[in-house]
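Engineer: Dropping a prediction and its sequence here:
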Amino acid sequence: MPLATIRGARPAAVVLALLTAACGGSDGGDTTAPTAVADDQGEVSRNMVLLDNVDVETLTRSALGAQIHSSHDEVDNTHGVSAAGNWGYTTADGRRFALTGTSEGLSIVEVTDPAAARVVALIPGEHSLWREVRTYRHWAYVTTEAKTGLDIVDLADPDHPVKVRTWSETFTSAHSLWIDEERGLLYANGSSNGMRVLDLEPDPENPRDVGGFDGFYVHDSYSRGDRLFAAAISDGFLGILDVRDLESIVEVERFFTGGRFTHNAWLTDDGRYLFTTDERPTRPIEGWDLLGGPPVRKVSEYIARPGGLPHNVMIDGHRLVVSHYTDGVRLLDIRDPERSVEMGFYDTFEGPDENFEGAWGSYIFPASNLILVSDISGGLFVVQYTGDAP
């Protein structure tokens with residue numbers, strides 16, 4: 001039976017690989033900060049509606065009218081298909097697109113009419129359970145754990161996207177990406193050669209490696225100005241790096257997160273608070289006051305339910321969106337970062353709460369209520385927040 005027929009059913013090899021990738025470390029740390037726990041009592045959604053869903057098999061094949069621009073003749077689905085990270089892209093004239101990393105490549109879906117998502121293209125890549133994407137101007141940069149390199153996709157004509165090259169000059173794989181749009185820098189985290197920094201200017205299709213860092217394994221990162229917030233998942237801490245001199249990046253501070261498995265982080269607009277996740281069951285999202293110390297002080301916690309598993313966070317203004325694995329996507333009001341409040345949710349996963357399933361990545365189009373969610377076995381979910389503005 002096709003994978004998309006039964007949401008929640010996954011090939012055993014895929015489940016085992018995801019579980020293996022997420023194991024390690026131990027629970028611990030101070031948990032005395034205020035905690036918000038949302039008991040959804042079996043509800044599928046609150047203050048969110050589903051506008052459309054593109055199943056994972058559709059995302060990973062060439063749909064009628066879709067374009068494939070690759071040396072691959074067809075997509076190899078023999079390993080079982082799945083969705084991974086995702087991002088959004090908005091054209092200069094306001095058209096919106098979902099960029100979803102899948103096990104078989106980058107899926108591009110137009111969501112300008114969010115209730116009628118339109119598959120535009122699949123940019124095939126080597127099979128991998130991990131595929132992340134970020135954008136700079138009208139280019140998408142795609143990384144994976146497969147030993148191929150960094151795919152660069154030109155979205156200037158979003159109806160006919162083209163993979164212009166696979167860059168592999170100083171690394172052949174990376175776990176995740178962060179792009180500093182202000183400085184035109186791409187950080188390739190967890191690459192085959194440490195964390196590498198690429199300068200995307202003056203030619204975004206031919207980036208230059210301008211520095212790196214190998215003081216510890218960087219799983220994911222977020223930067224603003226001359227500071228990079230690096231999630232050291234293997235070591236259990238958040239490292240703050242000075243990235244003014246990219247040829248000599250230095251650590252200036254670190255602090256341990258509660259689960260000792262620091263997964264990702266995002267900074268509030270005012271730069272004072274940082275929110276982090278630990279990819280461990282029962283470990284909440286944690287809010288940290290960066291200016292109230294030293295030391296850095298934990299000020300809040302949030303988890304959708306006891307035993308839940310937050311994955312990735314993203315902040316848009318006073319709202320935080322989190323992909324929460326089997327608890328779907330959650331939207332929080334963080335006007336007071338020390339007392340975050342759940343605004344709404346949509347549960348993309350119909351199966352049992354077995355962690356490492358469900359919502360992998362979530363993206364909210366800035367200053368809008370439109371949210372994209374990539375569900376590992378369920379594909380792309382286009383949802384809208386319908387509650388009151390914060």
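Structural biologist: Great, that's in hand.

Engineer: Remind me which helix or strand P306 belongs to.
Structural biologist: Assignment of secondary structure by DSSP states H and E places P306 within no helix or strand.

Engineer: That one: how many residues sit nearby?
Structural biologist: The burial count assigned to P306 is 11, neighbours taken as other CB atoms under 10 Å. Glycine gets a C-beta too; all of them are placed from N, C-alpha and C.

Engineer: Wait, it touches R283, no?
Structural biologist: No - P306 lies out of contact with R283 (CB atoms under 8 Å); the separation is 11.3 Å.

Engineer: So what pairs up with D375 in the strands?
Structural biologist: A359, G379 (DSSP bridges).

Engineer: With adjacent residues omitted, what lies nearest to T112?
Structural biologist: With CB to CB, 6 or more residues apart in numbering as the criterion, T112 has its nearest non-adjacent residue at 4.7 Å, and that residue is R95.

Engineer: Likewise for L198?
Structural biologist: Counting by CB to CB, 6+ apart, the nearest residue to L198 once its immediate chain neighbours are dropped is P207, at 3.9 Å.

Engineer: phi, psi of the one you found?
Structural biologist: Recorded main-chain torsions at P207 are phi -70, psi 160, according to degrees, to the nearest 10.

Engineer: and what of A188?
Structural biologist: Backbone geometry at A188, expressed as degrees, to the nearest 10, gives phi -100, psi 110.

Engineer: Run through the bridge partners of it.
Structural biologist: Taking DSSP bridges, one obtains L177, R196 as the residues bridged to A188.

Engineer: so what's it up against?
Structural biologist: Residues in contact with A188 (CB atoms under 8 Å, 6 or more residues apart in numbering) are 143, 150, 171, 174, 177, 195-198.

Engineer: switch the cut-off to 7 Å
Structural biologist: Each residue near A188 by CB atoms under 7 Å, 6 or more residues apart in numbering is listed here: 143, 150, 171, 174, 177, 195-196, 198.

Engineer: List just the nearest of those residues to E43.
Structural biologist: Proximity to E43 was ranked across the contacts of A188 by CB to CB; first place goes to L177, at 34.2 Å.

Engineer: The closest one: neighbouring residues, count only.
Structural biologist: Counted with other CB under 10 Å, the burial measure for L177 works out to 24 neighbours.

Engineer: can you pull the pLDDT of it?
Structural biologist: Residue-level confidence at L177 comes out at 98, pLDDT.

Engineer: correct me, but it touches V142?
Structural biologist: No - contact criterion CB atoms under 7 Å: L177 and V142 do not qualify, at 8.2 Å.

Engineer: Would you mark the buried spots in stretch 220-232?
Structural biologist: For stretch 220-232, burial by neighbour count (16 or more other CB atoms under 10 Å) applies to 220-223, 227-232.

Engineer: Dump the C-alpha coordinates for it into PDB.
Structural biologist: Listed in PDB are the C-alpha atoms of stretch 220-232, where the atom choice follows Å, rounded to 0.1, in the frame of the first residue of the first chain:
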ATOM      1  CA  ASP A 220      22.400  24.300  13.700                       C
ATOM      2  CA  SER A 221      22.900  28.000  14.000                       C
ATOM      3  CA  TYR A 222      21.300  31.500  13.900                       C
ATOM      4  CA  SER A 223      23.200  34.800  13.500                       C
ATOM      5  CA  ARG A 224      22.600  38.400  13.900                       C
ATOM      6  CA  GLY A 225      25.300  41.000  13.400                       C
ATOM      7  CA  ASP A 226      28.700  39.800  14.600                       C
ATOM      8  CA  ARG A 227      27.300  37.000  16.800                       C
ATOM      9  CA  LEU A 228      26.400  33.500  15.800                       C
ATOM     10  CA  PHE A 229      24.300  31.300  18.200                       C
ATOM     11  CA  ALA A 230      25.600  27.700  17.600                       C
ATOM     12  CA  ALA A 231      23.700  24.700  18.800                       C
ATOM     13  CA  ALA A 232      26.300  22.100  20.000                       C
END
